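J.: Here you go, sequence then predicted model.
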Amino acid sequence: MKFASTLRGKLSPSECEILLFNSENHMVFHPLLADVAGASINVDAAATPLRQMLPKVGCRTERVHRIDLAASEIAFDDGRGALDRLHYDHVVIACGAESNLSIIPGMTEHAFAFKVMRDAIDLRQHIVSQMEQAEATNDPQRRRWHLSFIIVGAGFSGVEVAGEVNELVRSSTRFYHNFRKDDVVVSLVHPKDHILPEVAPALAEFARRKMEKAGITLILNTRAVAATHEGVELNDGRMLAGATVVCTIGTATSPLVQYLDAPKERGRILTQPDMRIQGHSNAWALGDCALIINAYDNKPSLTTGQFAERHGRQAALNLVRVLKGEPTRPFSFKALGELCSIGGYQAVAEMFGMHISGFLAWFLWRSVYLFKLPTWSRRFKVALDWTWDLLFPRDLSFLNSNGAKPFTFAYYLPGDFIQRQGDPARVFSVIQEGQVEVLVSDVPNEPGKVVGVLGKGDFFGNAALTENRPHQASIRALTAVRLRQANSALFSEMAGSFAPLRELLANAVTRNARELWRRLPLAKPLLDREPLSSFVDPLPAYPLRHDVSLGDAIKCLRESSSGELVVLGENNRLWGKLDRKDLYQVIARMAASPLDKHSGLSQRKLTDFLLPDPLCVSLQDSPFVAAGTMLQHGITWLPVVRSLDDPEPVGCIREEKIVDFLLHKVASAQDDAATSAATPAEQSLQRRAESA
Ligand SMILES: Cc1cc2nc3c(=O)[nH]c(=O)nc-3n(C[C@H](O)[C@H](O)[C@H](O)COP(=O)(O)OP(=O)(O)OC[C@H]3O[C@@H](n4cnc5c(N)ncnc54)[C@H](O)[C@@H]3O)c2cc1C
């Protein structure tokens, strides 16, 4: 935005055409996101429409998919689902970074990120909905859970969000009858021994004291290691219960930069001192996505708005110099300082070498950001909202009051029950990662026996939802499991409207694990008596490394006599499995994709196509579980690992070997019955064998 406005100020529309591609039609003013989440300003005050701010710039609300620096071309979504291309004279890449919750298992599924406007709006709605649910419940433990808010990371964003959430919830308790301020728990988890590592220790200490006084619990020297539906697991083994988790740590390189053929360091594009990408004369990179050395101190620019804005201005001036044939100037900027609001009309500030804290710093924070807002209309709006907030209570209207989201994600740790036999059906779940075991019990409230294992791509919950009855099996996480879940309304709508899905689900109902168990009465006792190791074949001859190219994988597969390969990851642990059918599907998919069809097989990595964590069984499983798992998935082989905690592949198990074993057992049972007087048990076995 700053680049476009500076360039337009220097060159008229008749001298150059400027096209600004942004996936959204507005610019987000990030420092005010916490205020949006805490309902101290209205949603629209922190977002400024680009075309109103830049009337002489062509603003396109379109996502750019690829930039071909060699051909000076961009490929973008044309709005109809196809790719359009555009040639450029100069390209400026300023796509920022993306939040990356996947650095902590379960965060993607259960935590709020804090980067875009949607995150702040969703968080605000969620906080208010938790207060409504706390008001409605009579269970004190559940009420406490609804009123517990966990913020992970105590950098600027984490501290500001914690301050705002605390302020919103505590100041609103007077409008509810079922809970008081004391029931509210706002926790801030941070791995270091002090918060706000970016500011001077004395200011960080001031912020800590003020926040604790305001009721925020600081959990220092502690890391969050997983998030589940119930809360956050900490590295010291504690489980912090809470219905709201906000994760302010973790960034990822934008896909646009990932696929860019340019030098990068730690995911950021390396530039020359004038901000042109190294090795390119007409491509520039700015802001959080670029690694620009600041000539002022010879250090990499910080990933802050302060720097991004200066990059934009100076790069535009450099471009004008290039067009005029003048020498460019290196980026040079002396940082102005840091400001952080900590809630309750308090802030800390480091400006021009001075340390300021308390109300004065808070006033400074508000004044600076008010004048940093890009337009006068937004300045008036925010000033009005802030004044309103001083005089009136925060807005508790909850617009999305129809409750559960139709489509959600979930993460479970090993041993967690995902559904229990006899419970009413609520959701339809598809396994995205990990494995679960299916348990069936004939005694109420007992976990029951394992009758099968489900893995990636499998689903459950469909039978109970389709037939409108309680679950007939329990599902327990065998490994850490990621699920995608559709609520019952969405599931019914999908299953009712899409004939192919209906058919798929109907077939799945008839092959679910319980049915399987009933259909194989003879197999179960025979297989359960036998150790799995007696069925295990050696590993396929050519174990593949997961980082090989697609071309190498095809070569290896052609050399393998069985047409099956086990893929190894770090420390030679099981990463994936591959057979001819999988490879054919990958190649067919590449040929159909406009972006992939021209790339060679040796250029693409196996990991671009193959999903990790394949379905497997461990040496501790019974052969019946392996047989049921293969039958359930319509597959004929499975990798076997030493244990699920330590997935070192030790071999493979094949359907044909199990069938051979069963045939042999049945045949000998019949021979024995013919040659000797049968005991009642044997008679029963013989009857079963005959009927089988
Ligand atoms: C909660 C929060 C608070 C912050 N507070 C401060 C603060 O107080 N002070 C400070 O200096 N900094 C702050 N920052 C950091 C600051 O916001 C960033 O450093 C700054 O926004 C980076 O600017 P940028 O232009 O590089 O990227 P961004 O501002 O992230 O802009 C990138 C834009 O590119 C768009 N985009 C991405 N990919 C594509 C694509 N493929 N096609 C089209 N468009 C695309 C995105 O939608 C986005 O609009 C804060 C950040 C956060 C998240």
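T.: Great, that's in hand. Numbering: from 1, shown residues only.

J.: Low-confidence regions, the stretch 401-550 of the chain specifically.
T.: 401-404, 495-522, 541-542 (pLDDT under 70).

J.: and if you look at the stretch 51-200 of the chain?
T.: Short version for the stretch 51-200 of the chain, where the test is pLDDT under 70: 79-81.

J.: Up against the ligand, what does it have?
T.: 63-64, 94-96, 114-115, 156-157 (CB under 6 Å from any ligand atom). In this view, the C-beta of every residue, glycine as well, is placed from N, C-alpha and C.

J.: Pull the most distant pair out of the residues you listed.
T.: By the measure CB to CB, 64 and 156 form the most distant pair in those, at 28.6 Å.

J.: Got a ChimeraX select line for the buried ones in the residues of the stretch 51-200 of the chain next to the ligand?
T.: In ChimeraX, a selection of the buried entries from these looks like this (16 or more other CB atoms under 10 Å):
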select :64,94,95,96,114,115,156,157
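
J.: and which of the residues of the stretch 51-200 of the chain next to the ligand is nearest the ligand?
T.: Closest approach between these and the ligand, by CB to the nearest ligand atom: residue 96, at 2.4 Å.

J.: Now the phi/psi pair for the closest one, please.
T.: The phi/psi pair for residue 96 (degrees, to the nearest 10) reads phi 60, psi -160.

J.: so it makes contact with residue 289?
T.: Yes - using CB atoms under 8 Å, residue 96 is in contact with residue 289, at 5.9 Å.

J.: tell me, what's touching the two both at once?
T.: residue 254 (CB atoms under 8 Å, 6 or more residues apart in numbering).

J.: Tell me where the stretch 101-250 of the chain has helices.
T.: Using DSSP state H, counting those that start in this stretch, the helices of the stretch 101-250 of the chain run over 107-110, 117-136, 140-146, 156-172, 201-213.

J.: hang on, I meant the stretch 551-692 of the chain
T.: 580-592, 623-633, 655-675, 680-691.

J.: Quick check: closest non-adjacent residue to residue 157.
T.: Distance criterion CB to CB, 6 or more residues apart in numbering; nearest residue to residue 157, sequence neighbours excluded, is residue 248 at 4.1 Å.

J.: quick one: contacts for the residue nearest to the spatial centre of the chain?
T.: When CA atoms, centre = their mean is applied to the chain, the residue found nearest the centroid is residue 108 (3.2 Å). Residues near residue 108 by CB under 8 Å, 6+ apart: 101-102, 409, 411, 482.

J.: redo that, cut-off 10 Å
T.: For residue 108, the contact set (CB atoms under 10 Å, 6 or more residues apart in numbering) comprises 99-102, 227, 247, 250, 409, 411, 432, 482.

J.: Next: residue 434.
T.: Residue 434 neighbours (CB under 10 Å, 6+ apart): 105, 411-414, 454-456, 477-483, 613, 615, 644.

J.: ok, now with 8 Å
T.: Per CB under 8 Å, 6+ apart, neighbours of residue 434: 412, 455-456, 477-482, 613.

J.: Now for those, which sits with the most neighbours around it?
T.: residue 481 (28 neighbours; other CB atoms under 10 Å).

J.: Next, the contact list for it, please.
T.: Neighbouring residues of residue 481 by CB under 8 Å, 6+ apart: 411-412, 416, 418, 431, 433-436.

J.: same thing but 6 Å
T.: Applying CB atoms under 6 Å, 6 or more residues apart in numbering, we find residue 481 in contact with 412, 434, 436.

J.: Not counting its neighbours along the chain, what's nearest the first one?
T.: Translated: residue 412. residue 477 (4.1 Å).

J.: Pretty sure that neighbour sits against residue 416.
T.: Yes - Residue 477 is within contact range of residue 416, at 4.7 Å (criterion: CB atoms under 6 Å).

J.: Where do the strands of the stretch 151-300 of the chain begin and end?
T.: Along the stretch 151-300 of the chain, counting by DSSP state E, counting those that start in this stretch, strands occupy 185-189, 216-219, 224-228, 231-234, 239-241, 244-247, 251-253, 264-265, 268-270, 283-285, 290-291, 293-294, 299-300.

J.: how about the residues of the stretch 251-400 of the chain that lie near the ligand?
T.: 254, 256, 287-289, 303-306, 308.

J.: So which of these is surrounded by the most neighbours?
T.: Going by other CB under 10 Å, residue 287 tops these with 26 neighbours.

J.: Now go through the residues of the stretch 251-400 of the chain next to the ligand and say which are in helices.
T.: Among those, DSSP state H puts 256, 305-306, 308 in helices.
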